[in-house]
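Q: fold the following, please.
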Amino acid sequence: MAISTTIKSIQDIMRKDVGVDGDAQRIGQLVWMLFLKIFDDREYEWEMLTDDYQSPLPDALRWRNWAADPEGITGEELKDFVDNRLFPGLQRLQPRGGDYRGVVIRNVFEDAYNYMKSGQLMRQVINKLQAGVDFNKSSDRHSLGDMYEQILKDLQSAGNAGEFYTPRAVTQFMVNRVDPQLHEKVMDPACGTGGFLTCTIDHKRQRYVQTPQDETTLQHSIHGVEKKPLPYLLATTNLVLHGIEVPDQIQHDNTLAKPLISWGPKERVDVIVANPPFGGMEEDGIENNFPQAFRTRETADLFMTLFIHLLRSGGRAAVVLPDGFLFGEGTKTRLKEKLLSECNLHTIVRLPNGVFNPYTGIKTNLLFFTKGQPTEAVWYYEHPYPPGYKSYSKTKPMRFEEFAAEIDWWGSEADCFASRQVTEQAWRVPVEDIVARGYNLDIKNPHQGDQISHDPDELLALYAQQQGEIQTLRDQLRDALAAALAP
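A: Have a look, this model is predicted:
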């Protein structure tokens with residue numbers, strides 16, 4: 001049975017369980033099981049390669065000893081084992097001799113949950129996984145990677161869980177343009193499900209890994225942090241699927257909770273690729289970790305301050321941000337002034353509507369900057385829809401091939417992008433003009449006049465987007481008022 005068929009049949013079984021409510025819970029339930037199955041497959045490989053290999057797991061908690069037998073425990077006995085022995089045992093796991101594998105497993109299950117109420121249905125799911133997935137078969141490993149990408153895409157229709165998934169075409173393009181070298185330390189401080197990190201792994205392997213030592217260098221050059229349990233579990237499993245032995249490079253934490261001044265020179269990184277959550281508000285007190293001029297509860301702004309701080313001199317970043325950052329005032333103005341004075345914001349790629357549908361219809365931009373030299377001019381490139389498209393959808397997603405025009409136009413930062421040409425899609429704005437505009441970076445394409453659409457679908461979509469933006473603003477104002485009035 002194909003892996004995609006196996007996963008679909010598992011999700012169909014879960015829909016029968018009264019404890020699993022919605023796509024996000026189904027995905028969370030599937031992934032913790034998948035993680036333990038894949039880890040067990042890897043353990044068979046490590047046992048063959050290492051004579052004295054010792055599992056970080058107690059024997060009773062290893063997949064092979066409680067799950068692998070299709071005639072094994074089921075019903076209430078299985079439910080009791082998972083709830084009262086497996087999860088507590090993994091959450092309190094004490095690694096032997098500081099074994100980092102045990103630390104990763106404990107962190108993964110720290111906030112994981114078993115949502116299933118039926119032990120019989122759980123046994124059916126486990127048997128499907130045991131029979132249908134073998135991570136040590138190269139064909140299964142490749143198919144499983146593709147299938148996992150589809151699982152992550154499904155998050156886009158799972159309510160707020162969609163915030164953790166950035167379309168693969170976008171992550172590929174951003175990583176392709178910053179071109180992280182083999183030895184360079186790459187970080188995503190808000191890594192979600194790990195899309196930017198896995199794209200970086202693929203990029204380095206395809207271009208720079210030639211020896212086992214190169215692979216070791218790669219394995220230790222990837223770093224991510226994610227504070228929410230479900231995406232952390234997804235990211236950890238995602239890196240395992242991409243051949244990272246046990247991804248202790250991903251931390252389960254809130255990067256913003258650490259005072260900015262505490263990030264020392266040794267923690268600087270060469271490359272940041274990220275899509276920080278936008279439209280969200282941090283909990284009270286987080287803003288006090290930042291200098292007075294940049295204090296805000298808006299998550300994306302705090303992350304931008306952190307990104308600038310974390311980059312070493314000469315370090316490069318590619319970041320997804322909404323239009324609101326470009327034209328925003330107050331803290332945003334001071335943050336943009338800092339960005340332009342400390343970094344070379346050389347390129348802004350303006351994406352069309354719908355790239356992040358159905359999670360959000362807010363227009364987004366890709367900002368590319370290098371730390372160490374002030375900005376002299378910003379190049380803009382307006383990414384068009386492919387011919388025949390009016391928007392993107394599940395059946396018509398954005399494709400990496402669409403960025404071929406940007407890649408051909410891009411040029412090299414080494415010669416200050418001397419080869420770039422002004423086109424109908426690209427224009428250059430001197431930094432003096434941006435300063436004169438009060439650091440408003442929301443500069444429209446001068447080669448295209450205002451286009452008025454009379455298409456009913458487009459007008460309804462625009463209306464829905466505007467209503468969503470208004471509601472987000474109302475929510476933020478309500479939160480701010482409630483915080484101000486709190487005793």
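Q: pLDDT wise, what is the residue sitting furthest away from the middle of the chain at?
A: For the chain, the largest distance from the centre (C-alpha atoms, centre = their mean) belongs to residue 71, which lies 38.5 Å off. Note on residue 71: pLDDT of 95.
Q: same question for the one 4 residues further on.
A: The predicted structure scores residue 75 at 97 on the pLDDT scale.
Q: who touches the closest residue to it other than its chain neighbours in this structure?
A: Among residues not flanking residue 75 along the chain, residue 119 sits closest, at 4.2 Å (C-beta to C-beta, 6 or more residues apart in numbering). Using the backbone N, CA and C atoms, a C-beta is placed for each residue, glycine as well. Residue 119 is in contact with 74-80, counting by C-beta atoms under 8 Å, 6 or more residues apart in numbering.
Q: pretty sure residue 316 contacts residue 370?
A: Yes. Because the distance of 5.1 Å satisfies C-beta atoms under 8 Å, residue 316 is recorded as touching residue 370.
Q: more neighbours: which of the two?
A: Neighbours per residue (other C-beta atoms under 10 Å) separate residue 316 from residue 370, with residue 316 holding more: 25 against 18.
Q: and the more buried one, bridged to which residues?
A: Going by DSSP bridges, residue 316 is paired in beta bridges with residue 271, residue 370.
Q: and it, what is it in contact with?
A: Per C-beta under 8 Å, 6+ apart, neighbours of residue 316: 178, 270-272, 368-371.
Q: next, count neighbours for residue 229.
A: When neighbours are counted by other C-beta under 10 Å, residue 229 registers 17.
Q: surely it touches residue 109?
A: No. Using C-beta under 8 Å, residue 229 is not in contact with residue 109; the gap is 9.4 Å.
Q: reformat the contacts of residue 119 as CSV; add neighbour count.
A: Below are the contacts of residue 119 laid out as CSV (neighbours: other C-beta atoms under 10 Å):
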residue, neighbour count
74, 18
75, 13
76, 11
77, 12
78, 22
79, 21
80, 13
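Q: of the residues you listed, which is the nearest to residue 256?
A: Within those, the smallest distance to residue 256 is 37.9 Å, found for residue 79 (C-beta to C-beta).
Q: against residue 72, how distant is the closest one?
A: For residue 79, the distance to residue 72 equals 13 Å [C-beta to C-beta, to the nearest Å].
Q: quick one: neighbours of residue 351, just the number.
A: By other C-beta under 10 Å, the residues close to residue 351 number 19.
Q: gap between the residue farthest from the centre of the chain and residue 225?
A: Distance, residue 71 to residue 225, using C-beta to C-beta: 42 Å.
Q: what do you get for residue 386?
A: Separation of residue 386 from residue 225 (C-beta to C-beta) stands at 35 Å.
Q: and these two? Which one has more around it.
A: Using other C-beta under 10 Å as the criterion, residue 386 and residue 225 rank with residue 225 on top: 20 against 11.
Q: check the secondary structure at the more buried one for me.
A: Following DSSP: H, G, I helix; E, B strand; the rest coil, residue 225 is assigned to strand.
Q: what sits opposite it in the beta ladder?
A: Per DSSP bridges, the residues bridged to residue 225 are residue 251.
Q: which residues sit in contact with it?
A: If you count contacts by C-beta under 8 Å, 6+ apart, then residue 225 has 187-191, 250-251, 253-255 around it.
Q: and which of those is nearest residue 59?
A: For the contacts of residue 225, the residue nearest residue 59 by C-beta to C-beta is residue 250; the value is 27.0 Å.
Q: torsion angles phi and psi at the most centrally placed residue in the chain?
A: Computing the C-alpha centroid of the chain and ranking residues by C-alpha atoms, centre = their mean puts residue 192 first, at 3.5 Å. Phi and psi for residue 192, reported as degrees, to the nearest 10, are phi 50, psi -130.
Q: I figured it was touching residue 165, is that so?
A: Yes. At 6.8 Å, residue 192 and residue 165 qualify as touching, with contact defined as C-beta under 8 Å.
Q: please enumerate the shared neighbours of those two.
A: Counting by C-beta under 8 Å, 6+ apart, nothing touches both residue 192 and residue 165.
Q: domain-wise, how is the chain divided?
A: As recorded under automatic domain parsing, the domains making up the chain are 3-135, 155-451, 452-487.
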